[in-house]
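Undergrad: Mind folding the following:
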Amino acid sequence: MMQQEQEREQLRHLQEYKEAFTKSTVFTMLVRLLVGALDGEEGCSTLLFKDVLLLLRNLVSVPDPGPGDTGFTPLRRRMQLTFIRNFCEEGVLAFFLLLGNELTAQAQEDTQQVWALADIIYHLCAHFDPEVGRVLGACPGVSGLATLRCMRLMAPHKQRQRPKGHAGHVWELLAGRLLVSSSRKRETRVPQLAVRSCSAMADQTAPGHCEIDVWSFNLRTETANEEDPQNVWSKRREGISALIAKYKPAVVCVQEATMSMLRDVCLHLDGNYEWKATSRFPDKQDEAAGFLLDTHRVRLLDYSVFWLSPPGCPEGKPGWDAQFPRTCEALLLEILGSGGSQVRILNTHFDHQGSVARLKSALMISESIAKFSISMSACAQILCGDFNSPKSSEAYDILVRNRHEAIPAARPMKDVFRCDNVEVSEGVRSTIHKWQGVAFTDACGDGTVDLSHGTRHDSRHIDWILFQDALHSNGSTRLRPLRCKVITDTMASGRYPSDHFPVSTTFLVEATHASSTSPAERPKNDLAELLARDKADQKLLAPASSRHSRFGTSMMAVSSDGSMSLSSSVQQNSIIQKSSALLKREFRNPDGNGRKSNMFHNLFFVDLVEGSVREHNQVNPHVRGVLDDRTYHPQKVLQGYRTFFEQLCSTSFSSLVSFMRSSCTISSTKEKATSTEFNMPHLLNFVSWFLEFHRVQHATQVQEAKKTNSTPPDMDIAAVQGAIDLDMIQFTTARLRDFGKGAQIHSSFLVVVLRTLSAQIHTIKVITECSGSDTRDCGDLLVTHAVKEDILGNISWIMKNFNSSVHDPRILSYSVEAWHTLTMLMEKRGERGAEAEFQVEKIRGVHMMRSTTSVEKEIAGLSDSRVVENLFHLLEKYRRHTPLLQSMLVKLIRSIMDAQPTNIVLFFELSYFMRIQRIMTDPLLTSTKNSERYKDLIGLLRFILREFFKCAESNKCVFAELLFRKVQESQKDALETCAAEFGAILSNYEEESYRKVLDRIDAGDTVNTLRKQRADLMKGQGWTEEEDAVLRQRYPLYREHLLYADLLVGDLPEPDKRTSLQ
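TA: Numbering: from 1, shown residues only. Presented below is the predicted three-dimensional model:
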């Protein structure tokens, strides 16, 4: 416990240092120092370059704090995204490509630099979906603008001199040996003076204020049925784009905009704007209250969205009396050219029918603004939207006049049209005009919106722009509205671009710098800020509670590991559970101990979370959920990284993997001293991510070829050769044995190994499906080699020994996926005319046994009650499955039953029937909407019930069989084979061998007597014909060996039933 507290404290310090380096000016200076070390003196520059590269690796590898972590703030949560954006915009990605080629070309003996570069790239991959940039249009990538910036960084030495004086000394400290420890427990105590000096130096070069225009604009959705066909979206999109291009607002808060509408506008604006939006229906593309951002004026730091609905209401469902679901989206922006000023902008669209919903929505937004104001006290906030309420409404009073008691910490917001010393363009009575323009005089808007009250010039406005300055006046962002206007411009056709007028406000953004304080006062201010942040964190993470007059209080709390507990009263903390039997089988996410410690509990380990990993993570409820980082990256950043990853694959990826793999297997003391405990999982995750990325790129090429009716290209095997060649497959399989049977299932490491193995097999599957014969033959060779390495045998052992309460459920999901894909490849190879038998090398201790195998033999070896129990337990998590995983799972269970017809009796237990009843009565499965998705699952359960009642027609005692376990806990204690017993149950106990056992029991023999007689038989000459043939064949080969008896036992068909003494 003490060590964990020390690591948590160390991580908090590292996160503070990382935050100091997120400023673009400081980051640029660090990169210049890195590039500048390349052309210095031979000895010194090499050492400096290595030190700065390791410093950059250490900064990138520090995990960002999440909700519930000490020191968490919304801005700190996205520090890694800032580094990712800086890497792309400053041309560092092009430098990484050059460095990777150089390191691999020189065959570096010092693998520390290779690992530093690979770790940096790995931590970049961890924040990207492998489908990065798949649907984006062309824009400058690594080979374009970023390369030019990289060349600028590599300018002649006289143009990039290092900082002089005190700042130069600071950078020597930052690049020194204090910051380059390569172990996980890095003692990186950066001097506070150094960090503050760098930050101050960066701030001195920036101006203190600038002007930005913010709009609120209801675009009128494209899905509306227009009475006039001239008002459809296709007739308006160019006019709206021209209007934005004319006024050039920095931020446009749009309402009723769909994703395709926003893409159209950005396309017509020639890439000068980016969009951010989330559909109000999570499962389909619909309206959103999103944003259009001028990337030359603002920089996106954070993005979030919350639904305007009561607690417990699912996302995408209308709240209160609303007709449609409503959202509030928020951005945290850095205003470029303002000296680092940060502004949070919220955008919403209130319901047009529900008056209660509008009131409650205003309260929710006011609470969100109040909480954010406490946690980010130096940040100003702007609220825009179509509120479907005039300024005489109660919703306006809640936000502007603060007339409510539910949120005492809330401060009133200011209406830009009603501020003093603001240039206001009057004359427009209503911002909604229903295509009538300024002549609109109706007293009603849409739905229940009443516009008949109020006498001021803007009383009928339902589109508002409100703002609130930062909580602290010292060292914060101040907003001063200069001009307000309702824009009434028409399009070139003379028609209006929407049924609402856009509302515009020009803000003067001022960054007020903190006044200088004495050294004695500075720690007090820092302590006060930390206390304020901690209080804000506690309020943000407070558990939701609801009270009822009869049933008391029900409280739900979320722990730091993501688990959820529900209490029936404030004093009671016990978890409400379905039953103790179910709870015993649930995964408890243990910490582990010694050599089996849970790697995912380590504070410094960063795992993959995107792509197919996200799908498998759903089966483990303890994996902390993450937001999709694609929503935080501009399109040009996504496209830039896609180009970078493509070029890395085609150049140095395979060589990097080879270097990393060889360093992981070297056992010399010198190499071990420079390695870390995360080298192995980082390598495997690195391989699995790039394999999935390469498959996605190949699938895109195939789709494009189909559109043009051309021949689909073959997969470029050479690009990922180092990840799927025979050496890498053998390396992965060896780790599968080490962390599986060798370690009796090392849960966390085995998840990563199986993830990589699954990625390799999926890639081989794509190769075998290519049209080129050479490529397909290469895929067949890889399939043969994978089977030869006994992958199926190792997965079979894992499935048999899996413990659902101790081992990570992702082990089972990845095992099912790998098993299904590899057996399918074996079957396809047989369908193409190749032999159905495969050579396999099974390792038993220090010995290797060669034999043949097939899909049928492997499934027969998997027919085990423990496997069925584990698979069915995973099947019960069907709500968390992807359709593909569920289909694989159902097919595997069905294949086990088809392998031996008597295996169906395994399900003839009361525990199974109770679970089947619980699944089949789930409304999710009985709904016609989901009938197609769960068709295979329902079919499997019905097949089990049908076979049971079919058996009951001939064996009435089968109902009593429900009360008994079908297989003993130890297979060696069974009187006869399971097949004989199961066959007897299906045939009303008329099976001959089972009848002999019952007759002997009726004659007076006890169970112990039968066991002793069977044991005596096994010690004597009771060899089967198959065993006798094997012994006669193998004995001449082993008779000279000292361990000939052990070798003979290993070659027997069922070695577990024999010993060397026999």
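Undergrad: So what touches the helix or strand that contains L243?
TA: L243 belongs to helix 233-247 when assigned by DSSP states H and E. Helix 233-247 is contacted from outside by 213, 215, 219-222, 229, 252, 261, 264-265, 268-269, 273, 292, 487, 489, 491-493, 495, 497-498, 502, 504, using C-beta atoms under 8 Å, 6 or more residues apart in numbering. For every residue, glycine as well, the C-beta is placed using N, CA and C.
Undergrad: Narrow the residues you listed to those in helices?
TA: M261, D264, V265, H268 (DSSP state H).
Undergrad: can you tell me which residues contact the third one?
TA: Residues touching V265, when contacts are defined by C-beta under 8 Å, 6+ apart, comprise R237, I240, S241, I244, Y273, W275, L292.
Undergrad: Excluding sequence neighbours, find me the nearest residue to the third one.
TA: With C-beta to C-beta, 6 or more residues apart in numbering as the criterion, S241 has its nearest non-adjacent residue at 3.6 Å, and that residue is H268.
Undergrad: show me what contacts that neighbour?
TA: R237, E238, S241, A242.
Undergrad: any idea how far it lies from V751?
TA: According to C-beta to C-beta, to the nearest Å, H268 stands 46 Å off from V751.
Undergrad: How about K23?
TA: K23 is 37 Å from V751, by C-beta to C-beta.
Undergrad: go on, L332?
TA: Distance from L332 to V751, by C-beta to C-beta: 34 Å.
Undergrad: Check A362 too.
TA: Taking C-beta to C-beta, one finds A362 at 46 Å from V751.
Undergrad: Give me the pLDDT value at A980.
TA: On pLDDT, A980 comes in at 68.
Undergrad: Now do the domain split for this protein, please.
TA: Listed by automatic domain parsing, the domain ranges of the chain are 1-184+633-657, 209-515, 1025-1057.
Undergrad: Work out for me the element E329 sits within.
TA: strand 327-335.
Undergrad: Partner strands of that strand, with direction?
TA: strand 298-307 (antiparallel), strand 342-349 (antiparallel) (DSSP bridges).
Undergrad: dump the residue contacts of the closest residue to F838 other than its chain neighbours.
TA: With sequence-adjacent residues excluded and distances taken as C-beta to C-beta, 6+ apart, F838 is closest to V787, at 4.3 Å. Residues in contact with V787 (C-beta under 8 Å, 6+ apart) are L822, M826, F838, Q839, V840, T853.
Undergrad: Give the buried subset of the residues you listed as a ChimeraX selection command.
TA: Burial among the contacts of V787 is assessed by 16 or more other C-beta atoms under 10 Å; the matching ChimeraX selection reads:
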select :822,826,838,840,853
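Undergrad: centroid residue for the protein?
TA: V609 (3.1 Å; C-alpha atoms, centre = their mean).
Undergrad: My guess is that residue contacts C125. True?
TA: No - with contact defined as C-beta atoms under 8 Å, V609 does not reach C125; the gap is 10.5 Å.
Undergrad: what do these two both touch?
TA: Joint contacts of V609 and C125 (C-beta under 8 Å, 6+ apart) do not exist.
Undergrad: returning to that earlier point: show the pLDDT at the residue nearest to the centre of the chain.
TA: Reported pLDDT for V609: 86.
Undergrad: Could you measure from D415 over to R456?
TA: 11 Å.
Undergrad: Looking at these two, which one has more neighbours?
TA: Each of D415 and R456 has its neighbours counted (other C-beta atoms under 10 Å); D415 has more, 21 against 13.
Undergrad: Report the beta-bridge partners for that one.
TA: Bridge pairing for D415 - DSSP bridges - gives L466.
Undergrad: contacting residues around it?
TA: Contacts of D415 (C-beta under 8 Å, 6+ apart): K391, V400, W464, I465, L466.
Undergrad: Out of these, which comes closest to A380?
TA: Closest to A380 out of these is L466 (11.6 Å), distances taken as C-beta to C-beta.
Undergrad: what number of residues lie near that closest one?
TA: 25.
Undergrad: That one and R401 touch, don't they?
TA: No - L466 is beyond contact range of R401, at 11.4 Å (criterion: C-beta under 8 Å).
Undergrad: what is in contact with those two at once?
TA: By C-beta under 8 Å, 6+ apart, no residue touches both L466 and R401.
Undergrad: what are the phi and psi values for the closest residue to V806 other than its chain neighbours?
TA: Once flanking residues are discounted, V806 sits nearest to P590: 6.3 Å by C-beta to C-beta, 6+ apart. Dihedral angles phi and psi of P590 (degrees, to the nearest 10) take the values phi -70, psi 160.
Undergrad: State the distance from P590 to N617.
TA: Taken as C-beta to C-beta, the span from P590 to N617 is 18 Å.
Undergrad: who has more neighbours, the two?
TA: Neighbours per residue (other C-beta under 10 Å) separate P590 from N617, with N617 holding more: 23 against 15.
Undergrad: returning to that earlier point: return the members of the contacts of H268 classed as buried.
TA: R237, E238, S241.
Undergrad: circling back to that earlier point, common neighbours of D415 and R456, please.
TA: Contacts common to D415 and R456, judged by C-beta under 8 Å, 6+ apart, are K391.
Undergrad: three-state assignment of the closest residue to R344 other than its chain neighbours?
TA: In space, and not counting its chain neighbours, R344 is closest to Q381: 4.6 Å by C-beta to C-beta, 6+ apart. Judged by DSSP: H, G, I helix; E, B strand; the rest coil, the three-state class of Q381 is strand.
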